[in-house]
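Enquirer: Got a predicted structure here, sequence first:
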Amino acid sequence: STRPANHTMSSSASSVAAANLQSTNNQLVKCIEDLRQKRSILNSEIHQAAEERSKIEHNLEILREKLGRVESELKRRREGSEEYAKTLRETEGAYNKILESTQTLLHVLKRESGTLQDKYKGLNSTQG
């Protein structure tokens, strides 16, 4: 009579163990599914970030090209400005020399005119 009780107990213990195993298995499957879902979300975020990085790299390349063109243009304009400045310096220098020569010429002309006027002062009055 002890045997049937043990057998019933064994069967009951087996059922409990099987129920525990099934519960543990269900929890394990749920955890695995949660991990897969989180990995899937993360992979989607990784893909979006990689696309964003690709767009930024493309835009950066465009900006680098624009910067290169702007720098070239800026260099060309600065060189042109330096050429204008050089031409202006040379022209102003030559102009100043012309002014000095003109002033010297005017001074000499006035002096000669005065000398001639003094020299021939009497001639103008006798003819009149």
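Expert: Everything's here; your move.
Enquirer: count of neighbours near Arg76?
Expert: The tally of other residues near Arg76 (other Cβ atoms under 10 Å) stands at 10. All C-beta atoms are positioned from the backbone trio N, CA, C, and that covers glycine.
Enquirer: secondary structure element for it?
Expert: Element membership for Arg76, per DSSP states H and E: helix 2-119.
Enquirer: ok now that helix, how far from the chain's centre?
Expert: 6 Å (Cα atoms, centre = their mean, to the nearest Å).
Enquirer: Show the average pLDDT along it.
Expert: Across helix 2-119, the average pLDDT comes to 93.
Enquirer: could you say what helices and strands it packs with?
Expert: When contacts are defined as 3 or more Cβ pairs under 8 Å, 6 or more residues apart in numbering; DSSP states H and E, helix 2-119 sits against none of the other helices and strands.
Enquirer: okay, now Arg39: neighbour count?
Expert: Neighbour tally, Arg39, other Cβ under 10 Å: 10.
Enquirer: How about Ala94?
Expert: With other Cβ under 10 Å as criterion, Ala94 counts 10.
Enquirer: quick one: it and Leu88, what's the gap?
Expert: 11 Å (Cβ to Cβ, to the nearest Å).
Enquirer: again, but for His47
Expert: Taken as Cβ to Cβ, the span from His47 to Leu88 is 61 Å.
Enquirer: and what of Arg111?
Expert: For Arg111 relative to Leu88 (Cβ to Cβ), the value is 34 Å.
Enquirer: just Val16 next, same as before
Expert: Using Cβ to Cβ, Val16 is found at 104 Å from Leu88.
Enquirer: again, but for Ser44
Expert: 65 Å.
Enquirer: go on, Gln117?
Expert: 42 Å.
Enquirer: try Glu112
Expert: 35 Å.
Enquirer: repeat for Thr102
Expert: 20 Å.
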